[in-house]
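1. Quick one, what's the 3D model for this:
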Amino acid sequence: MSETTVTVVGNVATTPVYRELPKGPVARFRLAATARHFDRVRNEWVDGHTNFFTVWAWGTLGTNVQGSLSIGEPVLVQGRLRVRDEERGGQHWTSADIQASAVGHDLSRGTTAFRRSRQTRPGRQPDGDEPSFEIEPQGEGEPQQGEQGEQGEQGEQGQQGQQDQQDQQDQQDQQDQQQSERREPAVVG
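-> This is a model prediction of the structure:
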């Protein structure tokens, strides 16, 4: 059975609810999508029917949704559509869920400021005051302390160059984060 992928443009209807589950983090919110059409008789745009979707965002996407969306903000959601029929309390209910693969603000209706999510790299100490007490294991074939491998000093210089590049990237990431924190959040709407 093939899955139905949809892109829905609408407004956030509920505050995103964030949970840490054994499967990983998830955020859930309701999305309202209202069709609009131009009424030539009245010479104005008219709202049509409003469809509501429950959007599920798993993993990093869920974490970012929770920190980025508020009620009333215009968004685009892309993901897999799933329509559920169920009986609750003797009543028949139909709900449309979207398992999101991407969520973003609708920039045709306002502006936003993007901030890359901070991810720790392997072998790197996370931000904060606590030092890492783990010792990185030496791989096989790596020169032991006091030895020089086949590459000799050139290999050490190459590693130093890579470390310098990593340090520069870390510094740039930190400057970008500080600069984005100084900006006031954009008003959307």
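
2. what's the helix or strand for residue 53?
-> Of the helices and strands defined by DSSP states H and E, residue 53 is found in strand 44-58.

3. Also residue 60?
-> helix 59-68.

4. Strands of this protein, start to end?
-> For the chain, strands defined by DSSP state E occupy the ranges 4-12, 17-21, 24-39, 44-58, 74-88, 91-105.

5. Columns distance to residue 111 on top of these, output as JSON lines?
-> C-beta here means a position set from N, CA and C on the backbone, and glycine is covered the same way. Below are the strands of the chain laid out as JSON lines (distance: least, C-beta to C-beta, whole Å):
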{"stretch": "strand 4-12", "distance to residue 111": "16"}
{"stretch": "strand 17-21", "distance to residue 111": "25"}
{"stretch": "strand 24-39", "distance to residue 111": "20"}
{"stretch": "strand 44-58", "distance to residue 111": "22"}
{"stretch": "strand 74-88", "distance to residue 111": "11"}
{"stretch": "strand 91-105", "distance to residue 111": "8"}
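
6. Turn these into JSON lines, including mean pLDDT and distance to residue 116.
-> Shown next, in JSON lines, are the strands of the chain (pLDDT from 0 to 100; distance: least, C-beta to C-beta, whole Å):
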{"stretch": "strand 4-12", "mean pLDDT": "96", "distance to residue 116": "22"}
{"stretch": "strand 17-21", "mean pLDDT": "95", "distance to residue 116": "19"}
{"stretch": "strand 24-39", "mean pLDDT": "94", "distance to residue 116": "18"}
{"stretch": "strand 44-58", "mean pLDDT": "95", "distance to residue 116": "17"}
{"stretch": "strand 74-88", "mean pLDDT": "94", "distance to residue 116": "19"}
{"stretch": "strand 91-105", "mean pLDDT": "95", "distance to residue 116": "14"}
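
7. and those strands as JSON lines, adding distance to residue 118 and mean neighbour count?
-> Output for the strands of the chain, formatted as JSON lines (distance: least, C-beta to C-beta, whole Å; neighbours: other C-beta atoms under 10 Å):
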{"stretch": "strand 4-12", "distance to residue 118": "24", "mean neighbour count": "15"}
{"stretch": "strand 17-21", "distance to residue 118": "17", "mean neighbour count": "11"}
{"stretch": "strand 24-39", "distance to residue 118": "15", "mean neighbour count": "16"}
{"stretch": "strand 44-58", "distance to residue 118": "18", "mean neighbour count": "15"}
{"stretch": "strand 74-88", "distance to residue 118": "23", "mean neighbour count": "14"}
{"stretch": "strand 91-105", "distance to residue 118": "19", "mean neighbour count": "15"}
